[in-house]
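Peer 1: no sequence for this one, just the structure:
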């Protein structure tokens, strides 16, 4: 009977020891927003958007001026000339809208490209860190409902990310 009890005890305790895993979490958004690479990425995106918006603002101002000018000339010019100018103005508006859509796609593509590159580097850093520190699972803080603050390794990863900045 003792042997059976000891055997059952050993089997149960061996499963318990395998159930223990090293789990931590990181705040990906915090690392992105506070790291040197993340700040530089945000600035690049911001500058790109501003450059695109400058061009759009100039075109929009031109369209607004032409619209106002056309309204003022409505009673002065012939109907045929007025209709032709409306058609030309509509072409400019369509071209403007097309450019807005193109710019939005370019901005989105740039954001996605930068995000993908950043996450690739972050993944590599987290992978090395987890192997070095024998961590089994790394979760995104957004996906953790409750967790001890001691399990948050965001600051350590942020430090490593800033040291590895030149790769980005």
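Peer 2: The structure has been received and is ready for your questions. Note that the coordinates shown come from a computational prediction; the quantities given were computed from them, not determined experimentally.
Peer 1: For the residue nearest to residue 28 when sequence neighbours are not counted, the count of nearby residues, please.
Peer 2: Distances taken as C-beta to C-beta, 6 or more residues apart in numbering place residue 140 nearest to residue 28, at 5.4 Å, with adjacent residues excluded. Where C-beta positions appear, they are placed from N, C-alpha and C, glycine not excepted. Number of residues near residue 140 (other C-beta atoms under 10 Å) recorded here: 11.
Peer 1: Just confirm residue 140 contacts residue 24, I think it does.
Peer 2: No. Here residue 140 does not reach residue 24: they are 11.0 Å apart, not a contact under C-beta atoms under 8 Å.
Peer 1: on that earlier part again, looking at strand pairing, list the partners for the residue nearest to residue 28.
Peer 2: Beta-bridge partners for residue 140, by DSSP bridges, are residue 26.
Peer 1: what's near enough to touch it?
Peer 2: Contacts for residue 140 (C-beta atoms under 8 Å, 6 or more residues apart in numbering) come out as 25-28.
Peer 1: Out of the residues you listed, grab the one that's most surrounded.
Peer 2: residue 26 (24 neighbours).
Peer 1: pLDDT wise, what is that residue at?
Peer 2: With respect to pLDDT, residue 26 has a value of 93.
Peer 1: what helices or strands is the lengthiest helix in the chain leaning on?
Peer 2: Criterion DSSP state H: the longest helix present in the chain is helix 79-132. On a contact count with 3 or more C-beta pairs under 8 Å, 6 or more residues apart in numbering; DSSP states H and E, helix 79-132 meets helix 28-34, helix 36-73, helix 154-163.
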